[in-house]
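K.L.:
A structural model of the following input is requested.
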Amino acid sequence: ADHGVQCAALPATPDGRTVSELVAAATGTERIAVRHTLLRLDVVLPDNDAHARFGGECMKDVAGYDVKRLFTGSQGTFGILTTLIFKLSVQA
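P.N.:
Next comes the predicted model:
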């Protein structure tokens, strides 16, 4: 906010959760906001601590291949979120 940018997925007032916790537990309108703004995520998969990256840094994926959707609200079932990149917008 100090620099004039915002992310629609993040709450206006902090609620004590990390960004990874917010994404892993997102439901309802929170889940929709995350889905529309999450560009990329890096995860550690449950099997053999394999690392994986889904999405891009500057544009959304083709809807049919949006693997990030599986991790949003999954409570960490599919892996541990390590890096998240969101779309930002300029505050009016």
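K.L.:
Glu57 - that's part of a helix, no?
P.N.:
No. Glu57 is assigned coil when assessed by DSSP: H, G, I helix; E, B strand; the rest coil, not a helix.
K.L.:
Test my guess that it contacts Leu39.
P.N.:
Yes. The pair formed by Glu57 and Leu39 meets the contact definition of CB atoms under 8 Å, at 6.3 Å. Heads up, the C-betas are built off the backbone N, CA and C, glycines and all.
K.L.:
Identify the contacts common to those two.
P.N.:
Ile85 (CB atoms under 8 Å, 6 or more residues apart in numbering).
K.L.:
neighbour-wise, which of the two wins?
P.N.:
Leu39 (18 against 7; other CB atoms under 10 Å).
K.L.:
quick one: which helix or strand includes the more buried one?
P.N.:
Using DSSP states H and E, Leu39 falls within strand 38-44.
K.L.:
In the sheet, which strands lie alongside that strand, parallel or antiparallel?
P.N.:
Strand 38-44 has these partner strands in its sheet, going by DSSP bridges: strand 51-55 (antiparallel), strand 80-86 (antiparallel).
K.L.:
what's next to the host helix or strand of Val34, contact-wise?
P.N.:
Per DSSP H and E, Val34 falls inside helix 28-37. For helix 28-37, contacts defined as CB under 8 Å, 6+ apart pick out 7-9, 22-23, 26, 68-69, 72-73, 86-87.
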